[in-house]
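[1] Requesting a structural model of the entry that follows:
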Amino acid sequence: MPAAFTAAHVGVDIERTTMLGGQYVGAASIGVCNKKPAGGDSVVLLSAQCWNSDASRKLVNQGHHVFQKMQHLREKSEDPLNLDVRACINICHEYRSALQSCAIEITSDPQYEDSMHISQESLECRELLEMDKLWHLVEIFFVRKKHLLKTGGLVLLDVLDWVRHHFQNATLDAAAVLKSHGAPERHGQYWDSIFTLLLQGDVSNAMDMITRHSQYQQMPQNSFERMRYLISKMPMLSPEASSTAFYRVWNQWQQECRTWLDTQFTDVPELHDICRLLSGDLDILGAKKHLARSWPRLMVARLLYTNPLAKFFDLQEELEWAISELPCQTEVENLLKLTIQQDVLQLIRDSCNCFGFNLWFPCHLLDVLIGTGSCPAAILHAEFGDDIRTSRITEFASSLLAQPSLCSLAPAYFASCGPFGMACLEAHLERMPVDCERKALKLLQVCHDNNLGQLACTICRVLGRQAVDNEQLGAALSWFGRAKDAASVTQLADRILIKHQLAKTSGSTTNFLEMLDILQPMAHLSDRLAFLSAYGELLKLVHGNDYVSAAERLVVLLTTPQMVPKWYAIDLLLDALPLLEHDEVVVSAPHTKVMLSKLEDLVVSHQAHGYLFGPCGVGHGTTTPGTPEDDAVKLHRERRVDEIDTLRLALARNLSRAIFSVPQF
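    Numbers count the residues shown, from 1 in each chain. Next up, the predicted model:
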């Protein structure tokens, strides 16, 4: 992208006023660097920094807050394309305050004066100030247009205020003259500073500079005192004044200036030039154009002394004259020209080219312009062929998603673009890699905040499969439960049961009860989860020596249809051995008969082989005879047969005890 500024403009031209909290503070107090950047005229703008600096990240965060306020205005308004002007002006002030506070933060950095950082940071600060300058002018000619029309369209007061706040070199030069040793007039910039002050209508400081001249007090009624008197009588336009009355007083004052021009100030040529300026002489303005330094100040000076009642929609003559005297030197100056010409379409196009890398400026400015009705949607669509607001905002939001520290701000921008924006957000989130639980939780929170439930379920399923691959079954259960994926949870529950079954067979221990605790909130998702939840409560009762309650819970499980998996029923019955062999009768005769009946159903079933020896492949005859695996299968079968015999014997013995004795319930 071409450099928007040259090294010659790094100096006092960027000394300006910053507005924070309604207070205006001179940029000299900010400490904007006036050094020439290293590397000559070639510069790298903030837009090429891609939000890597603290100040730029602060700008994005503050801009996001203001952007949300703007969207809230849209939601409350009956016509979102014609919002309340006063509210939009306040929005503009907040955006500008964000730009200015970031510029202050850059200059307050202790490393700002370090020669290693001066080039990059001074350019970044300068671009922030240039954005503020352009935004302020856009506010005058577009956002405040309706207010200007109510006051007759007079624009002088607004552009004078704009010049004084963004071009403060006149005040700084005057201060430098007054700080010099000896008489002020001996300073080489004495007369230039007075003339520059008058160019931007700063009559009070100009009069003060004139009174500092050593000849001012030497003789009464001298040229200096007469000039001070003439400047003091200069009529100043006010919003409450009648245009007709002001124009009459203005003409009388300028006629007096022309009369004095012919009879006075011949002894002091500099005062004669000043009088020519007050008289509205364009020739002296052209001769002194170098003091204006840029065409915006020269144009405002011409308005001030030749056409103070100019309307904001009729400045073409003054604009063309100023640019012919001082052509545009930067891209920003060209944007200022388009703003005064009120060429909104070209302004949008060129601002995207000038500040297009990060899109912060064109994105937020376009949002405000469309909200105030300055950019009719039909005209934008005819010119650009699509919804340019949506495309700019989604593009900006996409760039935020690429920054880890700023990605949380992107959803608000996508959400402001309706269904298309939400589809873009979902597409971006789907492609984002999830390499840690922290990032996953942040993504899920974004999905929750933006009603992207289907995407949240997809993310949880992916994380669940990753956990399964890593043998983290507890974490996998949690993720599948978040996704409400009953099928996956059921499959995983079966896998946990098989793992627990094998662990019991081999005599090893697992964190089975801990995983069952994870399942508790998900018990409603499927019958298998409901069984595991109830089974966990049964095991806790057994471990807590509450055998009577455990026996009742076991019978409930066995008698509930489709509750217990057939291939796990034998293991559930074997869990009853401690209850059946307890010193006291804790299982009643009816309950014992239920268990016996369940055992016989399993033994005589045509699938008894799978029910009794498990679904995990053990005992299915899949191993080669004579191998260690075949020996393990035989051992497992023999052990399971012994366990079944023991269970049958325990049930018969408990039934006998339960019939001839009263159990202690």
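[2] Under the pLDDT cut-off, which ranges of the stretch 1-150 of the chain? List them.
    1-52, 110-120 (pLDDT under 70).
[3] how about the strands of it, start to end?
    17-20, 23-26 (DSSP state E, counting those that start in this stretch).
[4] now the stretch 501-650 of the chain, which segments are flagged as low pLDDT?
    504-511, 515, 518-519, 606-611, 613-633, 636.
[5] just the stretch 351-500 of the chain next, same as before
    356-358, 377-378, 381-382, 384-386.
[6] What are the boundaries of the helices in it?
    Applying DSSP state H, counting those that start in this stretch to the stretch 351-500 of the chain gives helices spanning 360-371, 377-384, 388-401, 410-415, 418-431, 437-449, 453-469, 473-482, 486-506.
[7] So what touches the first one?
    For helix 360-371, the external contacting residues (C-beta atoms under 8 Å, 6 or more residues apart in numbering) are 59-60, 63, 66-67, 70, 73-74, 80-81, 83, 88, 91-92, 95, 131, 134-135, 138, 142-143, 344, 348, 351-352, 355-356, 375, 377, 380, 388-389, 392-393, 395-396, 413, 416. C-beta coordinates here come from the backbone N, C-alpha and C atoms, glycine included.
[8] Type out the PyMOL command that picks the buried ones from these.
    To isolate the buried members of the contacts of helix 360-371 in PyMOL, using 16 or more other C-beta atoms under 10 Å:
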select buried, resi 59+60+63+66+67+70+73+83+88+91+92+95+131+134+135+138+142+143+344+348+351+352+355+356+375+380+388+389+392+393+395+396+413+416
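[9] so which of the helices of the stretch 351-500 of the chain comes closest to residue 513?
    Residue 513 sits nearest to helix 486-506 of all the helices of the stretch 351-500 of the chain, at 9.7 Å, using C-beta to C-beta.
[10] Packing partners of the closest one?
    Packing partners of helix 486-506 (3 or more C-beta pairs under 8 Å, 6 or more residues apart in numbering; DSSP states H and E): helix 453-469, helix 473-482, helix 512-519, helix 527-543.
[11] that older thread, just send the helices of the stretch 351-500 of the chain back as JSON lines, with distance to residue 277 too.
    JSON lines is the format used below for the helices of the stretch 351-500 of the chain (distance: least, C-beta to C-beta, whole Å):
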{"stretch": "helix 360-371", "distance to residue 277": "35"}
{"stretch": "helix 377-384", "distance to residue 277": "41"}
{"stretch": "helix 388-401", "distance to residue 277": "44"}
{"stretch": "helix 410-415", "distance to residue 277": "49"}
{"stretch": "helix 418-431", "distance to residue 277": "54"}
{"stretch": "helix 437-449", "distance to residue 277": "60"}
{"stretch": "helix 453-469", "distance to residue 277": "66"}
{"stretch": "helix 473-482", "distance to residue 277": "75"}
{"stretch": "helix 486-506", "distance to residue 277": "83"}
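[12] now for those helices, which one comes closest to residue 192?
    helix 360-371 (33.8 Å).
[13] tell me the angle that closest one makes with helix 388-401.
    For helix 360-371 against helix 388-401, the angle by axes from the mean of the first three to the mean of the last three C-alpha atoms, to 10 degrees is 150 degrees.
[14] In CSV, list the C-alpha atoms belonging to stretch 540-556.
    The C-alpha atoms that make up stretch 540-556 are tabulated as CSV, following Å, rounded to 0.1, in the frame of the first residue of the first chain:
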residue,chain,number,x,y,z
LYS,A,540,-21.8,-47.2,46.5
LEU,A,541,-24.4,-48.8,48.7
VAL,A,542,-22.3,-52.0,48.8
HIS,A,543,-19.1,-50.2,49.6
GLY,A,544,-21.0,-48.3,52.3
ASN,A,545,-22.2,-51.6,53.9
ASP,A,546,-25.8,-50.8,53.3
TYR,A,547,-26.6,-54.3,52.1
VAL,A,548,-30.4,-54.2,52.5
SER,A,549,-30.8,-51.1,50.3
ALA,A,550,-28.2,-52.6,47.8
ALA,A,551,-30.3,-55.8,47.5
GLU,A,552,-33.4,-53.9,46.8
ARG,A,553,-31.7,-51.7,44.2
LEU,A,554,-30.2,-54.8,42.6
VAL,A,555,-33.7,-56.5,42.2
VAL,A,556,-35.1,-53.2,40.8
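[15] Tell me which residues of it come out buried.
    Neighbour-count burial for stretch 540-556 [16+ other C-beta under 10 Å]: 541-542, 547-548, 550-555.
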